[in-house]
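# return a 3D structure for these sequence lines:
(4 chains)
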Protein chains: 2
Amino acid sequence: MGAVMVSQQGAEAGIATEETEVSYGLLPKVLGYHLRRTQVAIFKHFAHSVAAAEDITPGLFGMLQVIAANPGLGQSRLAEAMEVDRSSIVKVVNQLTERGLIVRVPSLSDRRSYCLRLTPEGRMALRRMEQAILRHEEEFTKALSAEEKTTLVALLKRLYDQNP
Amino acid sequence: MGAVMVSQQGAEAGIATEETEVSYGLLPKVLGYHLRRTQVAIFKHFAHSVAAAEDITPGLFGMLQVIAANPGLGQSRLAEAMEVDRSSIVKVVNQLTERGLIVRVPSLSDRRSYCLRLTPEGRMALRRMEQAILRHEEEFTKALSAEEKTTLVALLKRLYDQNP
DNA sequence: CAGGATTGTTTACCGGGTAAACAATCATGT
DNA sequence: ACATGATTGTTTACCCGGTAAACAATCCTG
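Sure thing, here's the model as predicted:
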């Protein structure tokens, strides 16, 4: 058993082409590798649980969340809060307004800028999304104890806080 | 101090538009949020330290790593090891061959498929990249003790192992 | 006022990923 | 022996999220 050769003379053009597991080299020693895999996994889980029901993405939810927490926020402020280019915000705000979740209120004190706010439907939708997302995370992290979750978050936070 | 209003009548079209910090709502309670921020941070750090010197991306390095660890691997096998579509592999393998790091050796036992292997230059380049990446990770995680790094990796691994 | 900064927007672009089709080749059942 | 079906690499067209550069309108400040 193990290392079952697939070609006749056992050497394809060298060594590999087995039926056995593929090796990942030093990848398992690389933190970035585990971060990426975790993020891919949580994204898929999100798509299967949250997105199927609420038609939202992690990014859009984030935007909604900070708009909700900062009523009247301007797009440039939102952009820097999200650490993204101003031009990226435009599409997002368009999507969200087209779906009736937020609204662009012209600023009274600055005729260049808009104040973003949730619509009543936006508030309702956001509440539903929050429930769905909390359930999704609960499910995704069900292998971890409460303490483990908090230490995980704490470790991550220390990493990105110390690397601005 | 604090909550310095920027507009004359203190109410833009509601409440916000302060000079104060923007709130992130429940985002800090969401694991996915911290994961994403960490990954953005490590990616930037990678770009500034590794990519500047070696002209590589995390994705390309991963490919090189598993090709090196599985000499003679076929593209389809590589695709499933990387959990990515076969068609995505083509561009990557093209880039890597154009740069002289790997080579497509026609399989002897299956005229449809190629066996991927590193060139001598590929091996040298990979060794340099490994050094650069290990330094980069060392630097990025310098705020964590050795134990904390291993528990972090262990927690992440448990998450994506339990969520296939 | 003039000059410079800021705001939202458009356009063009890039990177990485998918989905669908395709020709060449293999594998298998009858 | 041969038809059928699966597999391999590839191309093409697409989508998504993001950047960079330019732009008109507006603000701010000397």
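
# ok so residue A:115 is a helix residue?
No: using DSSP: H, G, I helix; E, B strand; the rest coil, the secondary structure at residue A:115 is strand, not a helix.

# could you give the bridge partners of it?
residue A:105 (DSSP bridges).

# wait, it touches residue A:73, no?
Yes: the criterion here is C-beta atoms under 8 Å, and residue A:115 meets it with residue A:73 at 7.0 Å. Backbone N, C-alpha and C define where each C-beta goes, glycine included.

# how far off centre is the lowest-mean-pLDDT helix or strand in chain A?
None of the helices or strands of chain A scores lower by mean pLDDT, DSSP states H and E than helix A:52-54, at a mean of 89. How far helix A:52-54 lies from its chain's middle: 15 Å, per C-alpha atoms, centre = their mean, to the nearest Å.

# swap in stretch A:77-93?
16 Å.

# buried residues, that stretch. List them.
For stretch A:77-93, the neighbour count (16 or more other C-beta atoms under 10 Å in any protein chain shown) marks A:77-79, A:81-82, A:89, A:92-93 as buried.

# what mean pLDDT does it get?
Mean per-residue pLDDT for stretch A:77-93: 96.

# check whether that stretch contacts DNA strand C.
Yes: residues of stretch A:77-93 contacting DNA strand C under C-beta under 7 Å from any atom of the strand: A:77, A:86-87, A:89-90, A:93.

# so which of the residues you listed are in helices?
Secondary structure assignment (DSSP state H) places A:77, A:86-87, A:89-90, A:93 from the residues of stretch A:77-93 next to DNA strand C within helices.

# now do the next helix or strand after the least confident helix or strand of chain A: distance to the chain's middle.
Downstream of helix A:52-54, the next assigned helix or strand under DSSP states H and E is helix A:58-69. Put simply, helix A:58-69 sits 11 Å off its chain's centre (C-alpha atoms, centre = their mean).

# which secondary structure elements does helix A:58-69 sit against?
helix A:75-81, helix A:86-98, strand A:114-118, helix A:120-140, helix B:31-46 (3 or more C-beta pairs under 8 Å, 6 or more residues apart in numbering or on different chains; DSSP states H and E).

# point out the most buried one among these.
strand A:114-118 (a mean of 22; mean count of other C-beta atoms under 10 Å in any protein chain shown).

# mean confidence score for that strand?
98.

# and it, is it in reach of DNA strand C?
Yes: contact between strand A:114-118 and DNA strand C, assessed by C-beta under 7 Å from any atom of the strand, occurs at residue A:114.

# could you give the angle of that strand to helix A:120-140?
60 degrees (axes from the mean of the first three to the mean of the last three C-alpha atoms, to 10 degrees).

# in contact with the nearest residue to residue A:125 once chain neighbours are set aside, which residues?
Spatial nearest neighbour of residue A:125, excluding adjacent residues (C-beta to C-beta, 6 or more residues apart in numbering or on different chains): residue A:101 at 5.7 Å. Neighbour list for residue A:101: A:64, A:118-119, A:121-122, A:125-126 [criterion: C-beta atoms under 8 Å, 6 or more residues apart in numbering or on different chains].

# could you check how far residue A:146 is from residue A:152?
11 Å (C-beta to C-beta, to the nearest Å).

# nope, residue A:24 is what I was after
With C-beta to C-beta as the criterion, residue A:24 and residue A:152 are 22 Å apart.

# so the two - more neighbours on which side?
residue A:152 (23 against 17; other C-beta atoms under 10 Å in any protein chain shown).

# my guess is the more buried one meets residue B:152, correct?
Yes: under the criterion of C-beta under 8 Å, residue A:152 makes contact with residue B:152 at 7.1 Å.

# how about the residues of chain A by DNA strand C?
So chain A meets DNA strand C at A:74-77, A:86-87, A:89-90, A:93, A:104, A:110, A:112-114 (C-beta under 7 Å from any atom of the strand).
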